[in-house]
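**Student:** model the structure of this input:
(one chain, ligands or ions: 1)
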Amino acid sequence: MYTVKIENVSKSYRKFQALHHIDLQIEKGLYGLLGPNGAGKSTLMNIISTILTWDEGRISVYGYDLKKDSHKVRELLGYLPQHFQAPGQFTGEEFLHYVASMKGMNNRQKRTIEVQRLLEQVNLTEHTHKKIKGYSGGMKRRLGIAQALIGQPKLIILDEPTAGLDPSERIRFRNVMERLGKEYTIILSTHILSDIETSCEHVGVINKGELLYQGETEKLASLAEGTVWEISVPISHYDEVEQAYTVLSSRREQEQMVFHVLSKAEPKHRATCVKPTLEDGYMALINGVIT
Ligand SMILES: Nc1ncnc2c1ncn2[C@@H]1O[C@H](COP(=O)(O)OP(=O)(O)OP(=O)(O)O)[C@@H](O)[C@H]1O
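**Tutor:** Prediction:
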């Protein structure tokens, strides 16, 4: 059963069309929204979060129409905006209490339990009483994730939640999300493929406001089957290869350069076709090598 249904949604900022007829169906669990800078990810997330309006199309969230029943949707929603800011003079704990009160959690004792649980979940317990202005970027991000989880929302929208997190925080974040994804719908946007590779079963890829793919994350890699080639050339041919192909990776092996490149046709250099990774599938889509 789909919890979020987006049908034929378009959005323009004055004359610039940021989203073109987007159709997306999202089920309970973790859903990854992928796309390069300016693809339209935040626009779409702000629309689902009821912050932005849109021009045409229909969106429903847990059966509620987003236009007619936006107040109902807001009650189900936890949201981490891309540029999350919290007042620096608050401590982490005070801020979470404040957000929880705004969400209608009036019972102080219950609120305290919830705040402590969330601080622990995002690994901020030892900074509970520290002022937010003294937090690092990663700590602020984690606090942002905690405030999005207040009140156990059924739909959690996280716009680039892992920006600024170090590798161990990223792993911790993934574990928390995987656990929550068993019960709730979580949509997260990212450019970091490793964030979604293991945790999101389904993914949508957008570029320039167009939806290029939606489906199983695993299958994104196989879309690029037959278009990823390994080429080994002398170092002096480096520029030639870079100009001729979309280079996915390169490494030096003694006097040779070994490239992985994208190409629909077999390259003119001696090349071996290799099994694509998720990143290759994504790059092939974004570069228009596959459609
Ligand atoms: N308020 C606005 N007015 C005009 N254009 C906008 C506005 N907000 C976004 N855009 C444009 O819409 C397009 C989509 O932007 P959006 O922020 O949704 O992309 P994104 O995929 O979230 O990018 P990023 O990963 O860089 O945050 C971009 O070309 C952007 O410049």
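
**Student:** give the next helix or strand downstream of the helix or strand of the chain with the lowest mean pLDDT.
**Tutor:** Ranking every helix and strand in the chain by mean pLDDT, DSSP states H and E puts helix 167-181 at the bottom, with a mean of 82. As assigned by DSSP states H and E, the chain's next helix or strand after helix 167-181 is strand 185-190.

**Student:** residues touching that next one, excluding its own?
**Tutor:** Contacts of strand 185-190 from elsewhere in the structure, counted by C-beta atoms under 8 Å, 6 or more residues apart in numbering, are 3-4, 26-35, 41-42, 45, 48, 154-162, 177, 180, 195-196, 200. For glycine as for every other residue, the C-beta is placed from the backbone atoms N, C-alpha and C.

**Student:** just the ones in strands from these, please.
**Tutor:** Using DSSP state E, the members of these that fall within strands are 3-4, 26-27, 29-34, 155-159.

**Student:** coming back round to it: any quick ChimeraX command for the buried ones out of the contacts of strand 185-190?
**Tutor:** The following ChimeraX command selects only the buried members of those, with burial defined by 16 or more other C-beta atoms under 10 Å:
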select :3,4,26,28,29,30,31,32,33,34,35,41,42,45,48,154,155,156,157,158,159,160,161,162,177,180,195,196,200
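
**Student:** check the contacts of strand 185-190 against the ligand, which are close?
**Tutor:** Checked against the ligand using C-beta under 6 Å from any ligand atom, the contacts of strand 185-190 give the following subset in range: 35, 41-42.

**Student:** domains of this structure?
**Tutor:** With domains defined by automatic domain parsing, the chain comprises 2-219, 226-274.

**Student:** my read: residue 33 touches residue 41, true?
**Tutor:** Yes - between residue 33 and residue 41 there is a contact at 5.3 Å, judged by C-beta atoms under 8 Å.

**Student:** quick one on the thing from earlier: need the ones next to the ligand among the contacts of strand 185-190 in a markdown table (columns: pLDDT).
**Tutor:** Converted to a markdown table, these look like this (pLDDT from 0 to 100):
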| residue | pLDDT |
| --- | --- |
| 35 | 93 |
| 41 | 95 |
| 42 | 94 |
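
**Student:** and this structure, which residues reach the ligand?
**Tutor:** Contact residues of the chain with respect to the ligand, defined by C-beta under 6 Å from any ligand atom, are listed as 13, 16, 18, 35, 37-43, 82.

**Student:** which of these are buried?
**Tutor:** Buried among those (16+ other C-beta under 10 Å): 18, 35, 39-43.

**Student:** show me what contacts residue 193?
**Tutor:** Counting by C-beta under 8 Å, 6+ apart, residue 193 has contacts 34, 278-279, 282.

**Student:** mind checking which of those residues land in helices?
**Tutor:** Among these, the members found in helices (DSSP state H) are 278-279, 282.

**Student:** now pLDDT, neighbour count and distance to residue 190 too, for those residues, in a markdown table please.
**Tutor:** Output for those, formatted as a markdown table (pLDDT from 0 to 100; neighbours: other C-beta atoms under 10 Å; distance: C-beta to C-beta, whole Å):
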| residue | pLDDT | neighbour count | distance to residue 190 |
| --- | --- | --- | --- |
| 278 | 91 | 22 | 12 |
| 279 | 91 | 17 | 13 |
| 282 | 93 | 26 | 11 |
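
**Student:** just put those in JSON lines and tack on distance to residue 147.
**Tutor:** As requested, those are exported to JSON lines (distance: C-beta to C-beta, whole Å):
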{"residue": "278", "distance to residue 147": "30"}
{"residue": "279", "distance to residue 147": "31"}
{"residue": "282", "distance to residue 147": "30"}
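
**Student:** of all the residues of the chain next to the ligand, which two lie farthest apart?
**Tutor:** Of all pairs drawn from these, the greatest distance, 18.5 Å, lies between 16 and 82 (C-beta to C-beta).

**Student:** now the least confident helix or strand of the chain: buried residues?
**Tutor:** 169-170, 172-174, 176-177, 180-181.

**Student:** for residue 105, state which of these is nearest.
**Tutor:** Residue 105 has its nearest neighbour among those in residue 180, at 18.3 Å by C-beta to C-beta.

**Student:** and the residue nearest to that closest one when sequence neighbours are not counted, how many neighbours does it have?
**Tutor:** Leaving out its chain neighbours, the residue that sits closest to residue 180 by C-beta to C-beta, 6 or more residues apart in numbering is residue 186, at 6.1 Å. The criterion is other C-beta atoms under 10 Å. On that basis, residue 186 has 27 neighbouring residues.

**Student:** list the contacts of whatever residue of the stretch 51-200 of the chain ends up closest to the ligand.
**Tutor:** Ranking the residues of the stretch 51-200 of the chain by distance to the ligand (C-beta to the nearest ligand atom) places residue 82 first, at 5.7 Å. Applying C-beta under 8 Å, 6+ apart to residue 82 gives the contacts 42, 159-160, 163.
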